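**Student:** Everything below, folded, please.
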Amino acid sequence: MSGLDDLRRSVENGTPLDDPKLADLLDAYRLSEPPPVPRCELELEDLALGRRWPIAKLLAAAVLLIGVGIGFALHGNSASQPVPPPAPPTLLLASIPLNAVEPIQPTWPASLAKYDPASAAGVHWYEDLDDARELATYLDLPILVFMDYSSDEMQCPICAGYKRGPFRDAAVRAEASKFVPLQLNFATTQPPLGQIKVKGWPMFHVLDSGGERLMTFPGPPSGRGLAALFSRADKAARKKAEFASLDWKQARALAQRAERGEWLALFKADPDGEFGKVARNRLEQDAQAAVLSKNREQIEKARERLQGTPYADDLERILQHIERFGAFPELE
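**Tutor:** Below you'll find the model as predicted:
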């Protein structure tokens with residue numbers, strides 16, 4: 001048994017064997033069944049706190065730190081991306097209509113732009129009763145009718161003399177300008193004006209703006225005192241009928257601007273009147289045409305033309321939108 005005892009001691013103590021055979025046997029045993037490895041627990045010392053951290057907690061902390069780092073990296077990457085521009089807002093126009101603008105027709109007489117009751121050449125007489133009535137109604141003035149007489153058989157010499165002299169007198173022209181002057185030929189004028197009995201020539205009527213006769217009176221044979229006669233006739237007519245008597249010079253100037261298409265000047269000169277109403281209508285059409293074109297150059301030109309109007313403000317807002325967003329705005 002000494003050999004087995006030596007073998008046991010050698011296994012337990014790790015001492016070498018003297019017997020070569022036993023030594024070979026021990027080596028074979030060790031190779032066939034290696035000794036178990038004792039359990040190892042790894043601990044790291046926190047030098048700052050004097051504590052020991054198990055490796056599991058250390059790994060969890062490392063994973064947390066890595067996650068935080070990845071989060072910061074992703075946030076930094078997203079912040080570096082370009083922010084898309086905001087969607088362009090819808091633009092609400094204050095003055096320019098988007099629906100079709102129907103043209104407003106002038107209500108003043110077509111002859112108003114040329115109306116001048118008198119000049120240095122004399123009194124300017126209308127020759128058509130309807131035209132005179134239309135103008136008298138618009139200006140709310142009485143009508144002064146000069147009844148001439150001219151036919152193949154006879155001419156009125158006093159009437160012809162009036163045209164050469166008295167009608168050119170400054171005082172006569174001034175008094176005639178209080179009326180709408182109208183010259184009619186008694187020989188061809190229809191009733192009732194052509195049926196009036198006369199005792200001499202020339203003859204005058206005063207009509208209201210509707211064409212109703214207010215009075216009739218003869219003219220002096222020499223033409224002297226004609227201005228005073230017209231003045232008395234004007235006062236007498238205004239006692240029989242009320243006349244607003246618009247300033248025909250101002251009205252004519254506005255009508256002339258309308259004929260020339262000076263709508264901006266007309267808009268400023270008559271903002272609350274019917275000329276201004278027509279002018280606003282024309283300016284609206286101009287501004288709307290520029291908007292519907294969606295052409296920047298055309299909008300800029302319209303803005304310059306319409307300076308001083310609310311339409312120019314709307315066009316300026318459109319141009320600012322185009323400058324900021326690079327596109328024509330959606331309008332409402």
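
**Student:** Low-confidence regions, the stretch 51-200 of the chain specifically.
**Tutor:** The stretch 51-200 of the chain contains residues with pLDDT under 70 at 51-86, 191, 194-200.

**Student:** mind listing the strands for this protein?
**Tutor:** 43-46, 51-54, 118-119, 122-123, 143-148, 180-185, 203-207, 213-218 (DSSP state E).

**Student:** So which elements touch the fourth one?
**Tutor:** Put plainly, it is strand 122-123. Here strand 122-123 touches helix 170-176, going by 3 or more CB pairs under 8 Å, 6 or more residues apart in numbering; DSSP states H and E. Every C-beta, even on glycine, is put in place using the N, C-alpha and C of the backbone.

**Student:** end-to-end on stretch 300-309?
**Tutor:** 14 Å (CA to CA, to the nearest Å).

**Student:** picking that back up, looking at the strands of the chain, which is closest to Thr309?
**Tutor:** Smallest distance to Thr309 across the strands of the chain (CB to CB): 34.5 Å, for strand 180-185.

**Student:** what's the spacing between the closest one and its chain's center?
**Tutor:** Once both centres are worked out by CA atoms, centre = their mean, to the nearest Å, strand 180-185 turns out to sit 47 Å from its chain's centre.

**Student:** Which positions in that strand come out as buried?
**Tutor:** 180-184 (16 or more other CB atoms under 10 Å).

**Student:** JSON lines for the residues you listed, including distance to Ala253?
**Tutor:** Listed next are the buried residues of strand 180-185 as JSON lines, based on distance: CB to CB, whole Å:
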{"residue": "Val180", "distance to Ala253": "17"}
{"residue": "Pro181", "distance to Ala253": "19"}
{"residue": "Leu182", "distance to Ala253": "23"}
{"residue": "Gln183", "distance to Ala253": "25"}
{"residue": "Leu184", "distance to Ala253": "29"}
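
**Student:** which stretches of this structure form helices?
**Tutor:** 2-13, 20-32, 55-79, 129-139, 157-164, 170-176, 226-240, 248-259, 263-269, 274-293, 296-305, 310-325 (DSSP state H).

**Student:** Could you report the neighbour count for the residue nearest to Leu266 when sequence neighbours are not counted?
**Tutor:** Closest residue to Leu266 apart from its sequence neighbours, by CB to CB, 6 or more residues apart in numbering: Ala279 at 4.0 Å. Using other CB atoms under 10 Å, Ala279 has 27 other residues around it.

**Student:** these two touch, right, Ala279 and Asp270?
**Tutor:** Yes: judged on CB atoms under 8 Å, Ala279 makes contact with Asp270 at a distance of 7.2 Å.

**Student:** circling back: nearest to Ile322 among the buried residues of strand 180-185?
**Tutor:** Val180 (53.1 Å).

**Student:** What's the separation between that closest one and Lys301?
**Tutor:** Noted for Val180: a distance of 42 Å to Lys301, by CB to CB, to the nearest Å.

**Student:** try Ser293
**Tutor:** Counting by CB to CB - Ser293 and Lys301 are separated by 10 Å.

**Student:** what's the answer for Thr216, then?
**Tutor:** Counting by CB to CB, the gap from Thr216 to Lys301 is 59 Å.

**Student:** can you check Leu331 too?
**Tutor:** If you measure Leu331 against Lys301 using CB to CB, the figure is 19 Å.

**Student:** Likewise for Pro103?
**Tutor:** 21 Å.

**Student:** who has more neighbours, the two?
**Tutor:** Lys301 (13 against 9).

**Student:** mind listing what's buried in stretch 160-171?
**Tutor:** 162, 166-169.

**Student:** any chance of these in CSV, plus distance to Leu229?
**Tutor:** Putting these into CSV (distance: CB to CB, whole Å) gives the following:
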residue, distance to Leu229
Tyr162, 12
Pro166, 10
Phe167, 13
Arg168, 16
Asp169, 12
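
**Student:** Go through these and say which is closest to Ala244.
**Tutor:** Phe167 (26.5 Å).

**Student:** That closest one and Gly122 touch, don't they?
**Tutor:** Yes: with contact defined as CB under 8 Å, Phe167 counts as touching Gly122 (4.3 Å).
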